[in-house]
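J.: Provided below for reference: sequence and predicted model.
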Amino acid sequence: MKIRTPFFVINPKSYLYGEELLDLAKFADEKSKEYDIDILFTAPYIELKTIVDNTKYLIVTSQHMDSIPIGKGMGKVVGEMLVSAGVKATFLNHVEHKISNDELEKTILMCKQLNIQSIVCANSIEDAEKVAKLGADIIICEQDELVGTGKTSSDEYMISTNRAIRKINKDIKILQAAGISSPSDVYRTIYLGADATGGTSGIIKAENPKKMINDMIKSMILAHKDRMN
């Protein structure tokens, strides 16, 4: 699967579930069709199949995956099960779900074998370089201390991480995401060179989350167009 750029990520984490989560997923699905863009939509494990079955255009994404095969593994997230449910991508190494370097390497390899897009979080420039060398499909560059704060990364951080990753592998897609809370944050992030952006609290805690999603997507498309010109 090839994800088109620019693309947008909606990551409700554990803020939403049930009908409220499904309603937002259906709205995002409509926006994916309307704007002809790829939208990655994460959900708690128990909600993934429901969202797959009720949407058509979203790239439904797990919030984590383990490297283990079918068999033993109480409480683990097995890749083959995600594939069976229709999941196309997974986050790895988020600040709220850190894993060891060895586990990360094994899980990225498992993702490649199962044709699941690996979306790996990186804190520093050094982390981004390490993940790029492991062959992640998408790298999320966000400083751990900024996640959920509403404070975005500096221009220098965004430009430096973009450059470092592309120097190693220009085919890796780059998502800059920490603290994204407004359409102007989205515009700046994409204009500075990212392939994608997205958010959690900036969307879910907005007065009107659906309007925020729509406005952010429009800002993303405009920034990408302006950058290309």
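T.: Received the coordinates, thanks.
J.: okay, CA-based contacts and neighbour counts for the rest of this
T.: Noted.
J.: low-confidence ranges in this structure?
T.: By pLDDT under 70, the low-scoring segments of the chain are 144-153.
J.: Which parts of it are strands?
T.: Assigned strands in the chain, in chain order: 7-10, 39-43, 59-62, 89-92, 117-122, 138-141, 173-176, 196-199 (criterion: DSSP state E).
J.: what would those strands look like in CSV with mean neighbour count and distance to Met212?
T.: Shown next, in CSV, are these (neighbours: other C-alpha atoms under 10 Å; distance: least, C-alpha to C-alpha, whole Å):
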stretch, mean neighbour count, distance to Met212
strand 7-10, 24, 11
strand 39-43, 26, 14
strand 59-62, 27, 19
strand 89-92, 25, 23
strand 117-122, 25, 23
strand 138-141, 26, 21
strand 173-176, 28, 18
strand 196-199, 26, 10
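J.: can you redo these as JSON lines with distance to Pro69?
T.: Listed next are these as JSON lines, based on distance: least, C-alpha to C-alpha, whole Å:
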{"stretch": "strand 7-10", "distance to Pro69": "27"}
{"stretch": "strand 39-43", "distance to Pro69": "22"}
{"stretch": "strand 59-62", "distance to Pro69": "17"}
{"stretch": "strand 89-92", "distance to Pro69": "16"}
{"stretch": "strand 117-122", "distance to Pro69": "17"}
{"stretch": "strand 138-141", "distance to Pro69": "23"}
{"stretch": "strand 173-176", "distance to Pro69": "27"}
{"stretch": "strand 196-199", "distance to Pro69": "31"}
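J.: what about the residue lying closest to Ile59 once chain neighbours are set aside, distance to Arg227?
T.: Among residues not flanking Ile59 along the chain, Leu40 sits closest, at 4.7 Å (C-alpha to C-alpha, 6 or more residues apart in numbering). Applying C-alpha to C-alpha, to the nearest Å, the value for Leu40 to Arg227 is 22 Å.
J.: Same check on Lys211?
T.: For Lys211, the distance to Arg227 equals 24 Å [C-alpha to C-alpha].
J.: Surely Lys106 touches Ser67?
T.: Yes: look at Lys106 against Ser67 with C-alpha atoms under 8 Å: they come within range, at 5.9 Å.
J.: more neighbours, those two?
T.: Ranked by neighbour count (other C-alpha atoms under 10 Å), Lys106 and Ser67 place Ser67 first, with 18 against 15.
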